[in-house]
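Enquirer: curious how this folds, go ahead:
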Amino acid sequence: MNSGNGPLSYVKNSSYQRGVLEAAKEIIEDEIATKLEISTNSLCVVDFGCSTGSNSFPAMHTIIEAIKRRYESSYLKTPEFFVCFNDLVSNDFNTLFSSLPPDRSYKAAAVAGDFHGRLLPPSSVHFAYSSWALQWLTEVPKAAKGLRLVWHGGEEREEVYDAYLSQLERDLESFLKCRAVEMVEGGIMALLIPSVPAYLDPQKEYTVGSVTDLLRSSLLDMAKKGKLSKAKTETFNFPYHCPTPEELRAILQKSNCFSIERMEILKSGTLLNVDGFVAIFRAGLHNLLTYEFGAETIDETFDLYKKKLQASPVSAYPSNDRTLVVVAILKCNNI
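Expert: Here you go, the predicted model:
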């Protein structure tokens with residue numbers, strides 16, 4: 001992904017992702033049982049934004065076992081499975097392949113590259129999956145560039161928020177158009193995308209989006225200590241956007257390539273504590289912050305971030321987390 005500010009990563013927090021998958025598991029299994037069209041002796045599943053595998057392997061197991069049951073219920077021979085693991089070229093695929101489950105029932109391959117572009121042959125993918133990756137944008141919107149630090153989920157100017165939402169819409173449109181070429185007609189896609197409620201009381205509640213204010217505050221503290229450029233820190237913004245469920249539905253409904261078969265909103269509950277937030281942001285932003293500010297500042301920045309989270313009367317308590325996860329099941333149309 002070209003963030004416009006340096007390399008990003010699709011790395012996710014493992015324990016959080018497993019919790020999200022467990023919550024979405026029944027939805028995915030039901031849709032495979034009732035919606036997946038089968039008529040082939042080989043079947044390709046792709047995880048877009050696989051990271052190093054710890055989150056991806058359980059998801060691939062869930063999907064393949066559900067497809068096996070679909071074939072068995074139709075008295076058909078189980079197909080040969082191929083799983084393609086996709087992430088950026090900077091991803092640690094060596095770790096992924098060295099930790100592949102030894103008892104897996106599929107052949108594995110890596111597909112390196114930005115998933116906003118074409119990656120696979122036409123009509124080659126039967127089931128596409130992506131979890132906790134599509135909120136990352138290809139770039140910071142022009143309306144936010146050069147501005148002092150903004151939280152695009154809060155009280156900043158409306159045009160900045162709209163710019164972030166428009167950038168997300170463009171990126172999702174690119175993602176869907178590319179997948180429509182690569183997927184077989186009738187193929188299914190399962191997307192797990194972090195989301196935020198339309199209304200939030202910042203005095204009592206937080207989301208995975210709003211706690212980035214504390215990370216920005218940590219960067220400013222580093223600048224005050226003379227360890228980072230103040231001017232550069234004040235105008236640095238993160239290239240990601242967590243939409244509301246209503247905004248996400250509106251974007252997906254515009255696609256002529258896919259139809260929405262099912263869309264569910266899951267609450268994150270208490271899955272992510274202070275250490276979890278530090279881990280998920282450090283993993284996802286390590287390359288970007290290193291590129292912008294230098295590797296020697298990373299440890300101290302995230303130590304400050306952790307202390308701010310712990311000291312916060314709101315974000316220190318997981319029960320105040322109002323982060324949502326949207327599970328969208330899409331079916332590829334014949335276009």
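Enquirer: please, where are all the helices along this structure?
Expert: 14-35, 56-73, 93-98, 158-182, 212-224, 230-234, 245-253, 274-293, 298-311 (DSSP state H).
Enquirer: avg pLDDT for the first one?
Expert: This points to helix 14-35. Averaging pLDDT along helix 14-35 yields 81.
Enquirer: tell me the residue furthest from the middle of the chain?
Expert: Tyr75 (35.9 Å; Cα atoms, centre = their mean).
Enquirer: if I look at that one, how far off is Ile38?
Expert: 11 Å (Cβ to Cβ, to the nearest Å). (C-beta placed from N, C-alpha, C; glycine too.)
Enquirer: burial check on Val89, number of neighbours?
Expert: By other Cβ atoms under 10 Å, 9 other residues sit near Val89.
Enquirer: contacts only, for it.
Expert: Counting by Cβ atoms under 8 Å, 6 or more residues apart in numbering, Val89 touches 112-113.
Enquirer: quick check, pLDDT for it.
Expert: For Val89, pLDDT reads 92.
Enquirer: separation between it and Gly117?
Expert: From Val89 to Gly117 the distance is 12 Å (Cβ to Cβ).
Enquirer: now Thr138
Expert: 10 Å.
Enquirer: and these two? Which one has more around it.
Expert: Shown here are Thr138 and Gly117; by other Cβ under 10 Å, Thr138 has more neighbours (19 against 12).
Enquirer: and that one, backbone torsions?
Expert: phi -70, psi -20 (degrees, to the nearest 10).
Enquirer: my guess is it meets Pro239, correct?
Expert: Yes: between Thr138 and Pro239 there is a contact under Cβ atoms under 8 Å: 7.3 Å.
Enquirer: show me what contacts the closest residue in space to Thr95 that isn't next to it in sequence?
Expert: Nearest-residue entry for Thr95: Thr52, 4.5 Å, with adjacent residues in sequence omitted and distances by Cβ to Cβ, 6 or more residues apart in numbering. Residues in contact with Thr52, defined by Cβ under 8 Å, 6+ apart, are 11, 91-93, 95-96, 99.
Enquirer: using JSON lines, please lay out the residues you listed together with neighbour count and distance to Phe277.
Expert: Formatted as JSON lines, these follow (neighbours: other Cβ atoms under 10 Å; distance: Cβ to Cβ, whole Å):
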{"residue": "Val11", "neighbour count": "26", "distance to Phe277": "14"}
{"residue": "Asn91", "neighbour count": "22", "distance to Phe277": "22"}
{"residue": "Asp92", "neighbour count": "14", "distance to Phe277": "22"}
{"residue": "Phe93", "neighbour count": "17", "distance to Phe277": "26"}
{"residue": "Thr95", "neighbour count": "12", "distance to Phe277": "23"}
{"residue": "Leu96", "neighbour count": "20", "distance to Phe277": "24"}
{"residue": "Ser99", "neighbour count": "12", "distance to Phe277": "25"}
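Enquirer: done for today, thanks.
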